[in-house]
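K.L.:
Would you be able to build a 3D model of this:
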Amino acid sequence: MPHASFSTFRPHAGSRWTVRRRPGSLPPFWRNITGPTGLADYMQRRDWRLVLSACRIPHILNTFRGREYIYVPPLLEQVALSELTDFDGERRRAASPPSPPPPVYPYGGLTAFFLLPLILWHGLRMGWWPVPDFLPPPQTWFNAGVLDNVLVRVYGQFYRLATALTLHADLRHLWGNIAFGALFLALLARLTGVGRAVWLTLIGGILGNGLTVLFRPRAVTSLGFSTALFAAVGVLAGMMAGRQTQRRKAILPIAAGAALLAMLGTEGENTDYAAHVAGLLCGLALGLGESWRMRRGWPALPQIPAGLLALAVPTLAWWWAFNTQ
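P.N.:
Predicted coordinates for the structure are as follows:
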């Protein structure tokens with residue numbers, strides 16, 4: 001039998017014995033992190049060693065009575081166990097059966113009809129057709145409904161948070177928002193239904209305007225439906241992120257929403273960047289909340305009442321505005 005297979009004891013000057021450990025034996029005090037049963041199979045051995053190597057944790061694979069064990073230094077035992085526990089937990093989540101996909105609602109294209117009042121209102125203000133007698137002169141509508149953070153904060157004219165969404169600077173501004181809205185509202189309606197899609201978009205726009213008023217330090221006026229449209233993008237991103245079980249996958253829809261903001265929300269000399277960012281953030285919060293509600297199985301606002309509310313809120317806001325003048 002080879003000499004290296006046994007520990008050898010030799011006398012040494014100044015001490016009684018010198019113990020020479022055989023090659024491949026365990027260093028003293030190293031800890032077993034695989035438990036009394038050892039590694040389960042080849043896959044576990046491969047994955048655990050890869051994790052430990054990636055974390056630069058020294059380890060030794062030892063075989064005893066046909067079972068394999070992994071040993072690590074005592075000072076790194078807790079670190080190794082923590083890394084392996086996190087790895088096994090993430091692998092179990094990835095291997096768990098995916099949750100059933102959410103229902104896809106039909107008739108998403110009907111959301112385009114909710115954009116028609118924007119065209120009608122702009123046409124009345126621009127003199128494309130006669131104004132009804134019960135409405136004030138169109139020349140006063142801009143000053144009555146534009147978002148002015150001083151008038152909102154100082155005089156409490158909160159109706160401007162909604163009325164500003166229905167005003168547009170010119171025809172190019174209007175048609176850009178109509179084209180943008182027809183696309184993303186239809187996509188959102190497939191996840192939430194037509195009525196709730198329009199309602200969430202409007203509420204996100206109002207909240208976005210409120211957020212800009214809250215954090216702007218100086219007097220600024222703004223108008224346009226784009227804040228609500230970026231809120232729709234945020235709702236989409238939030239709902240898609242809320243459906244994911246892994247953080248890395250949840251980041252992707254949010255990053256896509258930020259990319260859309262960078263591409264479409266920063267062009268033009270008079271673009272209100274702060275309003276677009278605020279709309280996206282508020283929509284993201286609404287989308288995450290909607291996704292959480294769906295996971296809990298809580299009832300949602302029915303489609304028809306949601307759509308009627310989306311039409312009623314701007315109408316009441318303009319009634320408040322005209323009666324304040």
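K.L.:
Output the below-cut-off pLDDT ranges for this protein.
P.N.:
Along the chain, the model assigns pLDDT under 70 to residues 1-25, 94-100, 268-269.
K.L.:
hey, which helix is longest across it?
P.N.:
Assignment by DSSP state H gives helix 273-296 as the longest helix of the chain.
K.L.:
If you count neighbours, what's buried in it?
P.N.:
Buried residues in helix 273-296, counted by 16 or more other CB atoms under 10 Å: 274-288, 290-291, 294. For the C-beta atoms, the positions are set from N, CA and C on the backbone; glycine is no exception.
K.L.:
now for stretch 63-76, what's the gap between its first and last residues?
P.N.:
21 Å (CA to CA, to the nearest Å).
K.L.:
One more: stretch 242-253?
P.N.:
10 Å.
K.L.:
Centre of the chain to that stretch, how far?
P.N.:
Mean C-alpha position of stretch 242-253 versus that of the full chain (CA atoms, centre = their mean, to the nearest Å) differs by 8 Å.
K.L.:
same check, this time on stretch 150-170
P.N.:
28 Å.
K.L.:
Look at that stretch and report the distance between its end residues.
P.N.:
So stretch 150-170: terminal residues 24 Å apart, CA to CA.
K.L.:
Stretch 299-307 too?
P.N.:
Note: stretch 299-307 ends 16 Å apart using CA to CA.
K.L.:
how about it: buried residues?
P.N.:
Q303, A306, G307.
K.L.:
Kindly report the same for stretch 107-120.
P.N.:
G108, L110, T111, A112, F114, L115, L118.
K.L.:
can you give me the end-to-end distance of that stretch?
P.N.:
Using CA to CA, the two ends of stretch 107-120 sit 23 Å apart.
K.L.:
which outside residues touch that stretch?
P.N.:
With contact meaning CB atoms under 8 Å, 6 or more residues apart in numbering, stretch 107-120 is reached by 166, 168, 174, 177-178, 181-182, 185-190, 194, 197-198, 225, 307, 310-311, 314.
K.L.:
so how far is W318 from A285?
P.N.:
27 Å (CB to CB, to the nearest Å).
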